[in-house]
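In: structure here, sequence nowhere to be found:
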């Protein structure tokens, strides 16, 4: 259970506010997340991390001296938006370039890559190192598909220490990459977690069983076995991790290794110490020399019960970064010289330009259409809200369980932005663009990035003058399809929302060619969208870098496809009602 | 659930072993618990803390620079034994006297007081400050009856900082006492916890409810209410704590206060930050100046869900100790100068004198009686094992839930020691004395201290020569009753094991006066003991300093009385079988 919350949709914002208040001497909240209270040295490289909320100390708890310079903090179990990441990057940039370092999940990859492209377009040197330490999530020859879990910490630390001693960005990237290549983790889960406001767990593990290799969002593991004793589990984890030693390591004897035993939330400290006792014995028996072990909660999932073991195969250079001092809200090591403190170097939040240009006023026709757009978004929001938990569950089968929450949050923000734009007399095109911007910014995750693109493309086509006809709508949807395919790199048949958007766009175009009204064309296409969404249950998914276990979703429809069909259906009722 | 354990009775030992291995650079394990790796300055005062296991970071996680010098670590939810406390005290003593600082629970008081008396008898200056911060556990006019919870941390810290800057023990005591008088906490619970190896929770809170003021071992709270929102709970906690401000505080405005928001285990960091957000707002609105807040897990109960809020009303002197640097396994603040490190000042464990004098060989008659003693202890162990969870549950009603586990552990140790003594040809008296020593040492808690005294007194009466007759046994039991009454300060009618031991001793004496055999006298007395144990359900308990809510146990028998009757009954079968 999650016990303490107010409005669940405000949970992520409120936790960052409380976190920043509790640690106001060392960190500060800025738009998008948190940053160190004191700026880095002018001209040095800086390290920006980030990810979804619900995993504290990851990721906000790792901002501070000796670790990250800033963290973009997404919603619960959802990647931060590209806008958030850009805001954090701009807040910590001191001219020496930026390393993005994050765990390999679809939404994080999508949004960090978008942010990287945006910042590079501004002339800022941005690189990325994506952590892939979870050996359960793909085979060793496909390391790039593996998820990142507690092995993120040593990679963050290697990068940050290198940056803070003044190494150039190229070197920071090299060292972080080396760290990434030398860190391996394996986790097991005993139970799932219940998100704030939900009335049942997002996923479950049968009583008395453990799921070996289950992800921190409930991504299915390798197999289930009867729950072993603490010592038995220690033996299993050590054996599997020792079976995959980096090639550069010769004999185990005398090899130096960092060790992280991470608790996922409800497995408590004493239990961690009991199992660590055996892990320490086993590694030592093998001749390994354990360097500065960490036994703690580092990357959690609310009250999920489970543990992960990380082995970090050190070389001399990495060992220096591993034992280096650090002082952050959640990670401490040794004594680090206090940051140079003066009023001048207190990092100042970059304020987003909320006071943009006043919105363009739309024509009466377009304002009328904009009212329908708002009503359609409201209907879509209500439809998704009803299905939010179902969507989360579908997503947890192959992804990270954030789909329902992310859609709900994005649509809520989209409705608010659309209403504000309509109040400012904007036309349909501007209302859609504003809604798309708000959606991607506030929702983050994969769906936020994609839906932001969809609404913006539709808005660009509808414009703010003419009453939209079926051809205009069809052109906008076709443009959205193109843009989404480019961004997400998905083709029809890959078991994504493209499997709905593609036939929907085709049907709309066909309807427009027959000179149907918008309502008639949309209704026809909506039926096709429904069928297409259900048909995704039969598709063999494309196994991508961040969906390593998507094949487990065979037999269930894709949550992104389902939510797209739900939104199209909700909009259909509104479009027909208004006889558009 | 507790998921990771091996043999549950080994849990506490194994966790200390793993904990010490994970933190071997800064702490070390010695008999009885853990101590700082480097010795304190010769002649300074030192601070020894301690308590039951299952509450990490309390208490082992608070040993290190800037905090405690050593911690005696008891079994799960059970006070450390007086022997353990003495071992820790001797390991850290550097000639400047010792402050015992601990939370106010019956077992801790009993064992720390015993240890204090033993050390004073050796000429060591030992004082005690008992923390009583839990305002729910007794009225303000009876502060000495209140339990200690997360408010222990600032008191430990005040004492340790004073000791480490070289203040004499008198001053350390004064400052710790001042800290104790200025710290107030209030907790709520959402759910209970399940101890290692148990198949159901030790206590429960109804779904959707919170129990205001519930103790960390399930001691009942003030009342139950529907679970509020995070903000609602923040308002309730702040309101109740502000209703009890120390007299020395005038206006709230401008008053400086340390704040601790403690999670009990399953309420996770993000939730703590959400509620801290509101607490910070409310205190700031009242004009209070928050100094170095701590939002973390500090005193837990496995996977119990709950939080406590602590307000620490600072004065200038205490503020210096509160903001002072510290570096322990679980608590960090600022930068503390590294300990002076040399091979010479590595603290060395004081080895207990396991190689005592060889045991005195008993007569053939007494060795025969010793075999019966061993068989009776084995039968008692089995009987308690069957009832272990029931006893824990009875204890959780008014006490701290450790009774069943403690009895099981103590009897297991007693049986082992008795067998070893018998193997060494000891007589009945020596076997009983060895069993009593092992029981109190290994079990700790209240019951460990009392049963150690009982067996030792019985052993002193039986001696190692003559075959024990009923008169001898009756004399031994009467002596045990006297000693237990002195130690625990309980009278018949106070709803303790004395309510069984007293009529049992009387009946044995009556049987002996009638020249009955041991078996006949014991059987008769055992019936009386059974009835007396059941009759404790009707007794109004004495409300003592560490049993503030004992009145809630009206209607249920006392666990100590029940376990005594169980042991007497188990021994009865053995005594009769051997026709003693």
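Out: Thanks, I have the structure now. In this text, all values refer to a predicted model and were calculated from it rather than measured experimentally.
In: give me the nearest residue to residue A:534, chain neighbours excluded.
Out: Among residues not flanking residue A:534 along the chain, residue A:557 sits closest, at 5.9 Å (Cβ to Cβ, 6 or more residues apart in numbering or on different chains). Bear in mind the C-beta positions are built from the backbone N, C-alpha and C, glycine included.
In: the one you found in helix, strand or coil?
Out: Following DSSP: H, G, I helix; E, B strand; the rest coil, residue A:557 is assigned to coil.
In: burial measure for it, as a count.
Out: 21 (other Cβ atoms under 10 Å in any protein chain shown).
In: buried residues in the longest helix anywhere in chain A?
Out: Ranked by residue count under DSSP state H, the longest helix found in chain A is helix A:364-398. Buried residues in helix A:364-398, defined by neighbour count with 16 or more other Cβ atoms under 10 Å in any protein chain shown: A:366-367, A:369-381, A:383-384, A:387-389, A:391-398.
In: now for that helix, which elements pack on it?
Out: Counting contacts by 3 or more Cβ pairs under 8 Å, 6 or more residues apart in numbering or on different chains; DSSP states H and E, helix A:364-398 packs against helix A:403-423, helix A:428-443, helix A:559-577.
In: need the winner for burial among those.
Out: Comparing the helices and strands packed on helix A:364-398 by mean neighbour count (mean count of other Cβ atoms under 10 Å in any protein chain shown), helix A:428-443 ranks first with a mean of 27.
In: now do whichever helix or strand comes after that one against helix A:428-443, angle only.
Out: Counting by DSSP states H and E, the next helix or strand C-terminal to helix A:428-443 is helix A:445-462. Here the directions of helix A:445-462 and helix A:428-443 differ by 170 degrees (axes from the mean of the first three to the mean of the last three Cα atoms, to 10 degrees).
In: average pLDDT for helix A:445-462?
Out: Averaged across helix A:445-462, pLDDT comes to 93.
In: you'd agree residue A:49 is in a strand?
Out: Yes. Assignment of residue A:49 by three-state DSSP places it within a strand.
In: the residue minimising distance to the centre of chain A in helix, strand or coil?
Out: Nearest to the mean C-alpha position of chain A, by Cα atoms, centre = their mean, lies residue A:79 at 2.1 Å. Secondary structure, three-state DSSP: residue A:79 is coil.
In: that one contacts residue A:55, doesn't it?
Out: No. The pair residue A:79 / residue A:55 is not scored as a contact, 11.7 Å apart, by Cβ atoms under 8 Å.
In: and for residue A:204, the neighbour number?
Out: By the criterion of other Cβ under 10 Å, residue A:204 has 14 neighbours.
In: state the distance from it to chain B.
Out: Distance, residue A:204 to chain B, by Cβ to the nearest Cβ, to the nearest Å: 13 Å.
In: next: residue A:15.
Out: From residue A:15 over to chain B the distance is 4 Å, taken as Cβ to the nearest Cβ.
In: returning to what we had before: can you redo the helices and strands packed on helix A:364-398 as JSON lines with distance to chain B?
Out: Shown next, in JSON lines, are these (distance: least, Cβ to the nearest Cβ, whole Å):
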{"stretch": "helix A:403-423", "distance to chain B": "14"}
{"stretch": "helix A:428-443", "distance to chain B": "18"}
{"stretch": "helix A:559-577", "distance to chain B": "24"}
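In: between the ones you listed, which gets nearest to residue B:532?
Out: Evaluated with Cβ to Cβ, the helices and strands packed on helix A:364-398 place helix A:403-423 nearest to residue B:532, the distance being 59.5 Å.
In: give me the helices and strands touching that closest one, please.
Out: When contacts are defined as 3+ Cβ pairs under 8 Å, 6+ apart, helix A:403-423 sits against strand A:70-76, helix A:364-398, helix A:428-443, helix A:445-462, helix A:559-577.
In: would you turn the ones you listed into JSON lines with distance to residue A:220?
Out: Putting the helices and strands packed on helix A:403-423 into JSON lines (distance: least, Cβ to Cβ, whole Å) gives the following:
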{"stretch": "strand A:70-76", "distance to residue A:220": "20"}
{"stretch": "helix A:364-398", "distance to residue A:220": "7"}
{"stretch": "helix A:428-443", "distance to residue A:220": "25"}
{"stretch": "helix A:445-462", "distance to residue A:220": "18"}
{"stretch": "helix A:559-577", "distance to residue A:220": "15"}
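In: and of these, who's closest to residue B:51?
Out: Checking those against residue B:51 by Cβ to Cβ gives strand A:70-76 as the closest, at 35.4 Å.
In: next structured bit after that closest one?
Out: Strand A:70-76 is succeeded, C-terminally, by helix A:82-92 (DSSP H and E).
In: and chain A, what are its domain boundaries?
Out: Listed by automatic domain parsing, the domain ranges of chain A are A:8-325, A:364-577.
In: mind putting those domains into CSV with distance to residue B:322?
Out: Output for the domains of chain A, formatted as CSV (distance: least, Cβ to Cβ, whole Å):
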stretch, distance to residue B:322
domain A:8-325, 14
domain A:364-577, 38
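In: between those domains, which one is nearest to residue B:448?
Out: Comparing those by Cβ to Cβ, domain A:8-325 comes nearest, at 19.9 Å.
In: ends of the closest one, how far apart?
Out: End-to-end distance for domain A:8-325: 37 Å, by Cα to Cα, to the nearest Å.
In: do stretch A:191-203 as well
Out: Start and end residues of stretch A:191-203 are separated by 8 Å (Cα to Cα).
In: and that stretch, which residues are buried?
Out: A:191-198, A:201-203.
In: any residues touching that stretch, and which ones?
Out: Outside stretch A:191-203, the residues that touch it by Cβ atoms under 8 Å, 6 or more residues apart in numbering or on different chains are A:1-2, A:5, A:8, A:11, A:54, A:76-77, A:204-205, A:217-218, A:265-266, A:301-306, A:389, A:392-393, A:396, A:401, A:405, B:1, B:271.
In: hmm, which of those residues are the buried ones?
Out: Buried among the contacts of stretch A:191-203 by 16+ other Cβ under 10 Å: A:1-2, A:5, A:8, A:11, A:54, A:76-77, A:205, A:217-218, A:265-266, A:301-306, A:389, A:392-393, A:396, A:401, A:405, B:1, B:271.
In: still on that earlier bit, quick one: which of the contacts of stretch A:191-203 sit in helices?
Out: If you go by DSSP H, those have A:11, A:389, A:392-393, A:396, A:405, B:271 in helices.
In: how about the residues of the stretch 151-300 of chain A near chain B?
Out: A:190-191, A:196, A:227, A:229-231, A:233, A:261, A:265-278, A:280, A:292-295, A:297, A:300 (Cβ under 8 Å from any Cβ of the partner chain).
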